[in-house]
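A.B. asks: When you get a sec, could you give me coordinates for this:
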Amino acid sequence: MKIGLLGQFGSGNTGNDGSLEAMLDFLRASKQEATLLCVCSNPAAVTERYKVDAISIGGVKLEGNWSNRLNRLLADFPRRLGSLYAVIRGLRGVSVLIIPGTGILDDFQETAFGWPFVVFRWCLAARLQNARIAFVSIGAGPIENPLSRWFLKSAARMAQYRSYRDDFSLEYMKGIGLDVTPDLRYPDIAFRLPLPASVPAKDTARTTVGVGVMDYHGWKKANADNAEGERIHNNYIAKLTKYICWLIDEGHNARLLTGDLRDGRAVKQLMKSISSTRPDIPMERIAVGHGGSLHELMSEIAQTDIVVVSRYHNVVCALKSGRPTISLSYNLKNDYLLSQFRQAHYCQHIETFDVEKLKQQTNQVLGNMDAVKQEIAGVNRSLQEKLAEQEAVLLHRVIAG
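C.D. replies: Predicted coordinates:
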């Protein structure tokens, strides 16, 4: 049996890669005779790290002046559709195509012919070969571009199995016209990853607050290079600067956390902003974490007492690690996850968060640590039971056919 795994893996996003790893661990433990094939952004990186065969999501190139002119006239659609043949060849022999976790059904920082079309094309190729398709514990919405919405809804409609990591995702897909009657809801599969076996010793003399730093310029991809995106980003960095300076003034330490390779740029900007705004701040009390994977991120989080983060899988890792968590979210998915852990009152939006309110939330958490940790621990136990339940369902309904 051959199982394909589709996703934006190997591109530097630790949450995406952690979702792939969780699914690989499950499949290898439960179906060791299956051949695994990953369809991803960076096959070489994925093969090296996870020891799995991998192929690129890329298509074929049209040749000749006539085809190039037609391609330009039709907004690159002929090349993309023409690559369907190469996609079908790539899936030769695949019985099941799994999309493991991630927020695959949204268009954050995407155009219609980015990942929305990629997902549609590979699901179409799978259906043409009578392969079963499974969206497993995925996130969905919002999908702002109408064409992106059509691509992603069509891809989801082709699947024989769909489960969502939260009610928001399920209700969003229902709201755009997908029949979700047979669909299920199970936790994000990254909760399946083990906690680090050992971590560096934490500074016990001071409270350490983990602060997630994101290279955030707004929802739309175009914002990465325009004035609006720069305004959003600079405002975000300025507010984080105020907050971290306050933490240090209060006698706490800060540890900066990331979730994507691109976040390193924002970390450098933030550190420069802090040192120029407050030259008197002891910068040695602001540590910069090195979270190249969710395992490394959880090791970094283990050296904190509470965290303030934005990326979804930073929230997942913090809660998995039992850390009280405050979210500065760019999407309602964080809010829904925290509400599941009974922590909904510790949420703000990344573009509009109020620094004074964030200070108050931090003090509230620090003043109520034991009770918050107990609530988180109880929910963590139930999540593991639900993940085990989904694995049994996958084996019976999807993999066994």
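A.B. asks: Quick check: phi and psi at residue 251.
C.D. replies: When read as degrees, to the nearest 10, the backbone of residue 251 gives phi 100, psi 10.
A.B. asks: Return the distance of residue 323 relative to residue 373.
C.D. replies: 8 Å (CB to CB, to the nearest Å). No exception for glycine: its C-beta is placed from N, CA and C like everyone else's.
A.B. asks: which one of these two has more residues nearby?
C.D. replies: residue 323 (23 against 14; other CB atoms under 10 Å).
A.B. asks: Excluding sequence neighbours, find me the nearest residue to the more buried one.
C.D. replies: Closest residue to residue 323 apart from its sequence neighbours, by CB to CB, 6 or more residues apart in numbering: residue 307 at 5.3 Å.
A.B. asks: and whichever strand or helix holds the one you found, C-alpha only, in PDB?
C.D. replies: Assessed by DSSP states H and E, residue 307 sits inside strand 306-309. Extracted in PDB, the C-alpha atoms of strand 306-309 (Å, rounded to 0.1, in the frame of the first residue of the first chain):
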ATOM      1  CA  ILE A 306       4.000  31.800  30.800                       C
ATOM      2  CA  VAL A 307       3.900  32.600  27.100                       C
ATOM      3  CA  VAL A 308       2.400  35.400  24.900                       C
ATOM      4  CA  VAL A 309       2.300  34.100  21.300                       C
END
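A.B. asks: what about that strand, distance to the chain center?
C.D. replies: Distance of strand 306-309 from its chain centroid, counting by CA atoms, centre = their mean, to the nearest Å, is 17 Å.
A.B. asks: what does it rub up against?
C.D. replies: Here strand 306-309 makes contact (CB atoms under 8 Å, 6 or more residues apart in numbering) with 207, 209-212, 243, 257, 259, 301, 314-315, 318, 323-328, 358, 362, 365-366, 369.
A.B. asks: try 7 Å
C.D. replies: 209-212, 257, 301, 315, 318, 323-328, 365-366 (CB atoms under 7 Å, 6 or more residues apart in numbering).
A.B. asks: same thing with stretch 331-348?
C.D. replies: With contact meaning CB under 7 Å, 6+ apart, stretch 331-348 is reached by 103, 139, 166-168, 312, 315, 319, 325-329, 354, 357-358, 361, 365, 375-376, 379.
A.B. asks: And the buried ones among those, selectable in ChimeraX?
C.D. replies: Selection command for ChimeraX covering only the buried members of these, criterion 16 or more other CB atoms under 10 Å:
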select :103,139,166,168,312,315,319,325,326,327,328,329,358,361,365,376
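A.B. asks: Rounded mean pLDDT for stretch 350-363, please.
C.D. replies: When pLDDT is averaged along stretch 350-363, the result is 99.
A.B. asks: and which of the contacts of strand 306-309 is nearest to residue 184?
C.D. replies: residue 315 (21.8 Å; CB to CB).
A.B. asks: Report the contact partners of that closest one.
C.D. replies: Contact analysis of residue 315 by CB under 7 Å, 6+ apart lists 309, 325, 327, 334, 337, 338.
A.B. asks: For the host helix or strand of the fourth one, what is the distance to the chain centroid?
C.D. replies: Meaning residue 334. Per DSSP H and E: residue 334 is located in helix 332-340. What separates the centre of helix 332-340 from the centre of its chain is 14 Å, taken as CA atoms, centre = their mean.
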